[in-house]
Structure formats: C-alpha cells, structure tokens
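S.K.: have a look at this prediction, sequence included:
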Amino acid sequence: MMLLVCQKFPGAMFDEFWPGGLQLGLLVELTNRMTTLRREWNLLSHGSAVLPSHGRQQNLSLVLQTLLEQGPQSRAALSRATGLTRVTVSELVAELLQRSHVIEVGQQEGKRPGKPATLVDLNRPGLRIVGVDLSGILPFKAAIMDLDGQLLKTFTLTDNDAGATGERAIEQLLELLHQALGACTEPVLGIGIGTPGIITDQGVVKTAEKFGWKDLDLRGRVQQDTRIATHVLNDADCAILAEHTFGQGSEHMMLLRLGRGVGCGVITHNTLVRGSGFAAGELGHVRHDAADRTPCACGNFGCLEARASVPAIRQAIAEGQSAAQAGAQAAQALASAIAPLISVLDIRNVVFTGTPEVVHEDMAEWLLGALRQRTDTAHAENFTLGISEDPEHLVLRGTAVNVLFHQLGIS
C-alpha cells in the first residue's frame, strides 16, 4: 500500500491533524519521495482511519483550485463545478472568507429573476507572495507576486557580492527579503525560495556547491528571521512548477535548464519527481563520456556541466569555436544525458530554458536533432520541444506555485 503523510508548515491553512499528530499539508509518498501536484490525492494513512475532517481540507482546496482556474464564481456555480452540495459549498466558502483566503467581489450580472448571486474569488488583491531566485549568475533576485504568479515589483541588492558563499550568502538573502517585505503593503501568504542544490522536503539544503552550503536548514533560518512560512525548492523544480501551472505544462513533462550549471525537472502523472534522496534532475555532474578529460569545478572530469552549461559554452566560444559549433556540441552532450530519461518515462513534452544568448531556436533545433538520433520517443507525432517564454522569471514564478501548494493546497 502506498503510504502518504505530510509535513508541518507554520502558517499553513491545513491546521487539522492526522492520526499520530501529522499535519495535513504537503503530501509526500515515502516510497519514492514524489510531491503530489493537483488534486489526484490518495489520502491513505498507515493503519489509521481517514477522518471526515481530512476530506474537508481536500474540499477546501478543491474550491480554491476551482477559483484559481476559473475566476470569480457564485456558490451555485462552485457546487456544479466541484460536485459538492450547495450547503457544503456555502460552509466551505464561509470558512475561507473567515480565513481571508477568498473574498466577495460583487453580484453576478444577468436577467434571471430574484436576487442576483454573489460572486466569490481568491483574495487576489489582498494576499501576496514573496519569492527569491538564487540560481542566477547575476546577483540574487526577489519579487512581490500576486496569487496568479504575476510579478508586481522586483528587487536586487545594489551592493550585492555575486560570488558570496557560506554565511555571507545567507546574510544577503535575508537582506534582500527584508527589502521586499518592507515594500509589501498586503499580508504575505508565504515566502518561496528557489536555489541550486539538493533540497529536502523540510527545506534543508543537503548540498549547494555554488554557496558552499551543506546540511543548512535554510527554511528554518528564514522563518526564524521573518516569522513567515517559508518553502525552499531546487531552482529547476521551481522552473518546471511555473511551466506546469502558468506555461507549457502537461501531465507528463520535462524541463531542461541551462545556467551556471545544468539541471532538469520532471513531472509525470502531474507529480513532481523528487527522488529517494531529493536529487532527481541533478544532471550537471553526470559524466556523459567516461573518456572525456575536461575538468569540472567539482573535481571530476567530463561532467555535463563542463560541456553544456552557459559558462562552458561561453568558454568554448572564447577558445575559438563558433557559437554554432559550441552550441551543437553542447546539444549533443545534453541529448546523451536526457534521451534515456525521455525514453524510460515516455515524456512527450520538453521545455528548454536558460539564458537567451544560449537557449534560442537554433539551439532547440540542434537539441531536437540530437535527441532524434538517440530515442524513437523524439520522433513521435505529439513530441514537442519548446523554449520557455519567460526564462528570466521562471524560477521566481515557480516559488509562488510552491507557496500556493503548501499554504492553500492548490497549484
């Protein structure tokens, strides 16, 4: 039997407790550490009954998800859309109004007799999300966003040390967060952080070579400093969450991201794959050719990052290769790494993202051609490889999706 449990997140709407004191929030499948997206939740507990209160939390999320996707609705329309009775919907809406997660936005227009129905919607004007992107080669970025992931205001530190590591990098992160929080005039639903590295489901950075972090409780540090619920996720996972919710998302998809390193995110059956050690998608230090002696910053040789990251491509051009030669060479290395994944998981939707000077239409064509040399899946009629439309803000918007999921149970 698949065992699903969940985590405790301060400030989350899920304040009901499962048997044994486990809080209903993010559902985690212990057998393979996959984080459930959308609402195909299999609410099973190990040897304990599922109580009516657990179903109520799912119904609250169902109402919120409907409003997120469809916009303002009357209570009657919500009843039809969710399949819940009108009485149940009215009770759920009353609870969500009390929590300030939804608001009444006026009366429904129309010529039907009787009193016009009152419309409700997510509290889009009254709640904000603060996100931080630590993945870039340039200084850290932060943004105040609405519940639809739209960036309302962005922030960077003017005196930022782009190469900061260790405690100094944490200090810069907190300084940037305080700048964003100080400019936010509405209540903050939560803080989201997207960072390179291997991140556990508790927001602990097991390792992040870029910052020299190891076993750092980043979520705990930020929550202690800000007193606001915080959720930390790998940057490539944030990027695929953004595409899944706001962009070219599908039930089965892969996102390949080029930056300072190389990473990917995978979603299958609307489920974000995290891996048994939370390292799913860490492609950068896969050695695509055992005979390759190109040195990598990690100390090994022939790593994918040493061949196909943005700095590696820039270096190849600086050493005399044309942009086309360097890009095509990188595409071959990338295809060698991801073709087996595409075949094994039968992925038909690949989103390619990264610095526009490197990730462009020609590069996508080179990558598609290299994939077709390696896997029949890339020849399927419904196979697509597209470039992200908003690479600059993809991680930031993904942090918003992560906060929405943990705080409201929607995505």
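M.R.: That came in fine, so what should we check first? If you're wondering where the values come from, they're calculated on a predicted model, not measured in any experiment.
S.K.: when you work out contacts or count neighbours from here on, use the C-alpha atoms and nothing else.
M.R.: Noted.
S.K.: at which residues are the helices of the stretch 251-400 of the chain located?
M.R.: For the stretch 251-400 of the chain, the helices defined by DSSP state H, counting those that start in this stretch cover 305-308, 310-318, 323-345, 361-372, 394-408.
S.K.: now those in JSON lines, with distance to Asp146, mean pLDDT and mean neighbour count?
M.R.: What follows is those, written out as JSON lines (distance: least, C-alpha to C-alpha, whole Å; pLDDT from 0 to 100; neighbours: other C-alpha atoms under 10 Å):
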{"stretch": "helix 305-308", "distance to Asp146": "34", "mean pLDDT": "92", "mean neighbour count": "28"}
{"stretch": "helix 310-318", "distance to Asp146": "31", "mean pLDDT": "94", "mean neighbour count": "18"}
{"stretch": "helix 323-345", "distance to Asp146": "34", "mean pLDDT": "95", "mean neighbour count": "19"}
{"stretch": "helix 361-372", "distance to Asp146": "31", "mean pLDDT": "97", "mean neighbour count": "19"}
{"stretch": "helix 394-408", "distance to Asp146": "8", "mean pLDDT": "96", "mean neighbour count": "28"}
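S.K.: and the ones you listed: which comes nearest Ala208?
M.R.: helix 305-308 (14.6 Å; C-alpha to C-alpha).
S.K.: can you name every helix or strand that that closest one contacts?
M.R.: helix 310-318, helix 323-345 (3 or more C-alpha pairs under 8 Å, 6 or more residues apart in numbering; DSSP states H and E).
S.K.: okay, the angle between the last one and helix 361-372?
M.R.: Between helix 323-345 and helix 361-372, the angle comes out at 40 degrees (axes from the mean of the first three to the mean of the last three C-alpha atoms, to 10 degrees).
S.K.: residue closest to the middle of this protein?
M.R.: Nearest to the geometric centre of the chain sits Cys238, at 2.6 Å (C-alpha atoms, centre = their mean).
S.K.: surely that one meets Pro196?
M.R.: No. Taking contacts as C-alpha atoms under 8 Å, Cys238 lies outside contact range of Pro196: 10.3 Å.
S.K.: could you look up the SS state of Glu95?
M.R.: Under DSSP: H, G, I helix; E, B strand; the rest coil, Glu95 falls in the helix class.
S.K.: quick check: it vs His178, distance?
M.R.: Look at Glu95 and His178: by C-alpha to C-alpha, to the nearest Å, they are 31 Å apart.
S.K.: from Gln107, how far out is the nearest residue to Ala328 once chain neighbours are set aside?
M.R.: Nearest residue to Ala328 in three dimensions, chain neighbours excluded: Trp366, at 5.8 Å (C-alpha to C-alpha, 6 or more residues apart in numbering). Distance, Trp366 to Gln107, using C-alpha to C-alpha: 53 Å.
S.K.: Leu96 too?
M.R.: Separation of Leu96 from Gln107 (C-alpha to C-alpha): 18 Å.
S.K.: quick revisit: contacting residues around the residue nearest to the centre of the chain?
M.R.: Cys238 makes contact with 194, 394-399, 401-402, according to C-alpha atoms under 8 Å, 6 or more residues apart in numbering.
S.K.: dihedrals phi and psi, it?
M.R.: Note on Cys238: its backbone torsions stand at phi -60, psi -40 [degrees, to the nearest 10].
S.K.: swap in Pro72?
M.R.: Torsion angles at Pro72 (phi, psi; degrees, to the nearest 10) stand at phi -60, psi 140.
S.K.: my read: it touches Thr118, true?
M.R.: No. Counting by C-alpha under 8 Å, Pro72 stays clear of Thr118, with 9.5 Å between them.
S.K.: which neighbours do the two share?
M.R.: Joint contacts of Pro72 and Thr118 (C-alpha under 8 Å, 6+ apart) are Val105.
S.K.: higher neighbour count, the two?
M.R.: Between Pro72 and Thr118, counted using other C-alpha atoms under 10 Å, Pro72 has the larger neighbour count: 22 against 16.
S.K.: can you count the residues close to the residue lying closest to the more buried one once chain neighbours are set aside?
M.R.: Ranked by C-alpha to C-alpha, 6+ apart and with sequence neighbours excluded, the top spatial neighbour of Pro72 is Asp121, at 4.5 Å. As a burial measure, Asp121 scores 23 neighbours (other C-alpha under 10 Å).
S.K.: which residues does Asp121 bridge with?
M.R.: Beta-bridge pairing for Asp121 (DSSP bridges): Ile103.
S.K.: okay, it: pLDDT?
M.R.: pLDDT, Asp121: 96.
S.K.: kindly report the same for Ser79.
M.R.: Here the pLDDT value assigned to Ser79 is 95.
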